[in-house]
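Trainee: Here is my input; please provide its structure:
(2 chains)
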2 protein chains.
Amino acid sequence: MGLRTVTDANAKNSVVLAPAELEARLRQIGADRYHHQHPFHLLMHEGKLSRGQMQAWALNRYYYQSQIPIKDATILARTQDAELRRAWRSRIIDHDGDADGGARGVERPGGIEKWLALVEAAGLSRERAIRCEGVLPAVRYAVDAYIHFVAKKSLLEAVASSLTEMFAGSLIALRMDSLRKHYPWLAPGLAYFEGRITQAPADAAFALRWATEHAKTREQQELVCDALRAKCDILWAQLDALYFAYVEPGWPPPGTFRPETFAREGQSK
Amino acid sequence: MGLRTVTDANAKNSVVLAPAELEARLRQIGADRYHHQHPFHLLMHEGKLSRGQMQAWALNRYYYQSQIPIKDATILARTQDAELRRAWRSRIIDHDGDADGGARGVERPGGIEKWLALVEAAGLSRERAIRCEGVLPAVRYAVDAYIHFVAKKSLLEAVASSLTEMFAGSLIALRMDSLRKHYPWLAPGLAYFEGRITQAPADAAFALRWATEHAKTREQQELVCDALRAKCDILWAQLDALYFAYVEPGWPPPGTFRPETFAREGQSK
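Mentor: This is a model prediction of the structure:
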């Protein structure tokens, strides 16, 4: 695996990277482009967002959460590899849960249900989140771009686009601390993050191993890197939309969530 | 056509609108949501955008222009109605032109080629625009959302999403005046707008007539209105992305166009 071969005259782009080297490049992309350093997250972690801004975040991010099983089912539906399907299906189970107790009769809320608890803790009704009413169009377009990416690009790129989870663990740990500290009224809604602390690193480790094994040429390794960049862009664009609509200059587009009008349905003050 | 029928108990939502009434509703949606009143356009028309901001606009909007024939071909490919196909194909011809002289041997630049002239007049190379290098991800997602909309919604909604052209005529006339006045260096690049002054109203009249005839129930008429709203959102989101990246707060996402670095390839000062 550590062997390097030169397959064409352009040595720089044709040398196959060793697994550790590919991983290092992926980690550099994360350091540069993952949304941990987006100003909206920085404000959130410093406790500088208002309740209305946190509501907008919870509501809009719900749309992303709601589409994750669709994204993962799209990947499942594309592969003839039962091993990959068996590994990948846990993501769908983690997100959709067993609302009716499932085969084992044990009711386990999934990530989507847990996110709805966060929406409610923020003071919005779950029904409004489920209707996706007032979600920013730019957030919708970015999330839908993710679905289209995994549907249309190669399976390798589809799997690689999930590699942002390599960087999720430390962001989630930091976030839980800061949410508890600065937004104590969100406490009943933090189960989502507790679940992700173990799920995200496990999912990321599998996807990294799979992508590393299946990217056999340098060209394929570059596609893996590009897929990670594309996914970072998708996450970044969602926070851009939130920041610009609700922080600065604070212009939610026509027909989207306005914190003041939503406050009335808040379940806690 | 002016006849009203009540098809269910909910009179408000079941009364079929007369054509003039439907048109009035569509015009109201345009007045409320079309991007003529987006702050980025207002600044542009007041002459308050810098050359770099105008470059960013020309570059990003090029991506939209480049996808219009794809959007129109998607509509063509969905209908068995040869009359609709014959009418609609003129849009593809208007945008793609006859670069090689076409059947009649007359070289006619299309809308995309004319937009590239605008990009060059703004001081960027056509090659960079064609590569779509540095286009804002949020603009890409919005434009791609338009393609997916016409591919996945009903044909009626796909046609109706073009009705923003009902409002393009007056915006283009205003824009040509203000571009000539405030950005005289753009003068060699205004042929695009000259063409659209006649094309847009003709296209809009056809689409309005077609949508009016094919929306036979109130429910279908509401779908027509919703499609126009959805398209307004798509146009609005593109300007939001431009405004937020290049005006206020002025944060282009990682990997996107930066006016200063691009200035070097400017063809005029």
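Trainee: Only C-alpha atoms from now on, for both contacts and neighbour counts.
Mentor: Will do.
Trainee: Shouldn't A:F257 be within a strand?
Mentor: No. Counting by DSSP: H, G, I helix; E, B strand; the rest coil, A:F257 is not part of a strand but coil.
Trainee: Show me which residues of chain A sit near chain B.
Mentor: A:33, A:137-138, A:141-142, A:144-145, A:233-234, A:236-237, A:241, A:244, A:248-249, A:253-254 (C-alpha under 8 Å from any C-alpha of the partner chain).
Trainee: again, only using 6 Å
Mentor: A:141-142, A:145 (C-alpha under 6 Å from any C-alpha of the partner chain).
Trainee: Out of those, who's the most crowded?
Mentor: The most neighbours of any of the residues of chain A next to chain B, using other C-alpha atoms under 10 Å in any protein chain shown, belong to A:A142, which has 28 neighbours.
Trainee: Pass me the low-pLDDT residue ranges in the stretch 1-150 of chain A, would you?
Mentor: Across the stretch 1-150 of chain A, residues meeting the criterion (pLDDT under 70) sit at A:1-13, A:101-103.
Trainee: What residues of stretch A:170-178 count as buried?
Mentor: A:171-172, A:175-176, A:178 (16 or more other C-alpha atoms under 10 Å in any protein chain shown).
Trainee: so which of those comes closest to chain B?
Mentor: Distance to chain B across the buried residues of stretch A:170-178 (C-alpha to the nearest C-alpha) is lowest for A:L171, with 19.1 Å.
Trainee: tell me which element that closest one falls in.
Mentor: Under DSSP states H and E, the secondary-structure element containing A:L171 is helix A:168-182.
Trainee: pLDDT averaged over that helix - what is it?
Mentor: For helix A:168-182, mean pLDDT is 93.
Trainee: Next, the buried residues of the next helix or strand after that helix.
Mentor: Later in the chain than helix A:168-182, the nearest helix or strand by DSSP H and E is helix A:191-214. Neighbour-count burial for helix A:191-214, counted by 16+ other C-alpha under 10 Å, picks out A:191-193, A:196-197, A:199-201, A:203-204, A:206-208, A:211-212.
Trainee: so what's the closest residue to chain B within the stretch 101-250 of chain A up against?
Mentor: With C-alpha to the nearest C-alpha as the measure, A:Y141 is the residue of the stretch 101-250 of chain A nearest to chain B, at 5.2 Å. Contact analysis of A:Y141 by C-alpha atoms under 6 Å, 6 or more residues apart in numbering or on different chains lists B:141-142, B:145.
Trainee: swap in A:G250?
Mentor: Here A:G250 is in contact with A:F244 (criterion: C-alpha under 6 Å, 6+ apart).
Trainee: about what we covered before: secondary structure and distance to B:R89 for the contacts of A:Y141 - can I get that in CSV?
Mentor: Supplementary listing: the contacts of A:Y141 in CSV, determined by DSSP: H, G, I helix; E, B strand; the rest coil; distance: C-alpha to C-alpha, whole Å:
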residue, secondary structure, distance to B:R89
B:Y141, helix, 25
B:A142, helix, 23
B:A145, helix, 21
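Trainee: Flag every buried residue along stretch A:251-262.
Mentor: In stretch A:251-262, counting by 16+ other C-alpha under 10 Å, buried: A:251-254, A:257-259, A:262.
Trainee: ok, and what's touching that stretch?
Mentor: Under C-alpha under 6 Å, 6+ apart, the answer for stretch A:251-262 is A:52, A:134-136, A:245.
Trainee: Kindly recompute the last result at 7 Å.
Mentor: With C-alpha atoms under 7 Å, 6 or more residues apart in numbering or on different chains as the test, stretch A:251-262 has contacts from A:52, A:56, A:134-136, A:244-246, B:33.
Trainee: ok, and the most crowded of the residues you listed?
Mentor: A:A56 (27 neighbours).
Trainee: could you check the distance from that one over to A:L124?
Mentor: 9 Å (C-alpha to C-alpha, to the nearest Å).
Trainee: Could you do A:A205 as well?
Mentor: Distance from A:A205 to A:L124, by C-alpha to C-alpha: 35 Å.
Trainee: now for the helix or strand hosting A:G30, which elements pack on it?
Mentor: Secondary structure from DSSP H and E places A:G30 in helix A:19-33. Counting contacts by 3 or more C-alpha pairs under 7 Å, 6 or more residues apart in numbering or on different chains; DSSP states H and E, helix A:19-33 packs against helix A:218-246.
Trainee: Would you mind measuring from the nearest residue to the residue of the stretch 101-250 of chain A closest to chain B once chain neighbours are set aside to A:A173?
Mentor: In this structure, A:Y141 finds its nearest non-sequential neighbour in B:Y141, 5.2 Å apart by C-alpha to C-alpha, 6 or more residues apart in numbering or on different chains. Relative to A:A173, B:Y141 is positioned 30 Å away (C-alpha to C-alpha).
Trainee: excluding its backbone neighbours, what's nearest A:H36?
Mentor: Per C-alpha to C-alpha, 6+ apart, closest to A:H36 is A:L171, 6.3 Å.
Trainee: For that neighbour, give its distance to A:H38.
Mentor: 12 Å.
Trainee: Please name the residues that touch A:Y243.
Mentor: A:F40 are the contacts of A:Y243 under C-alpha under 7 Å, 6+ apart.
Trainee: switch to 10 Å and redo it
Mentor: A:Y243 makes contacts with A:38-41, A:43, A:53, A:56-57, A:237, A:249-252, B:244, B:249, as judged by C-alpha atoms under 10 Å, 6 or more residues apart in numbering or on different chains.
Trainee: ok, now A:F149?
Mentor: Neighbours of A:F149 in contact, by C-alpha under 10 Å, 6+ apart: A:71, A:143, A:155, A:157-158, A:161, A:227, A:230-231.
Trainee: could I get the residues you listed as TSV with neighbour count and distance to B:R27?
Mentor: Output for those, formatted as TSV (neighbours: other C-alpha atoms under 10 Å in any protein chain shown; distance: C-alpha to C-alpha, whole Å):
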residue	neighbour count	distance to B:R27
A:K71	22	37
A:V143	26	30
A:L155	18	45
A:E157	25	43
A:A158	27	42
A:S161	25	42
A:A227	25	42
A:A230	20	38
A:K231	24	38
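Trainee: In those, find the pair that's most separated.
Mentor: A:V143 and A:L155 (18.4 Å; C-alpha to C-alpha).
Trainee: Beyond the helix holding A:G30, next helix or strand please.
Mentor: As the chain continues past helix A:19-33, the following element, by DSSP H and E, is helix A:39-45.
Trainee: Show me which residues of the next helix or strand after that following helix are buried.
Mentor: Scanning forward in sequence from helix A:39-45 by DSSP H and E, the next helix or strand is helix A:51-76. Within helix A:51-76, the residues that count as buried by 16+ other C-alpha under 10 Å are A:51-69, A:71-76.
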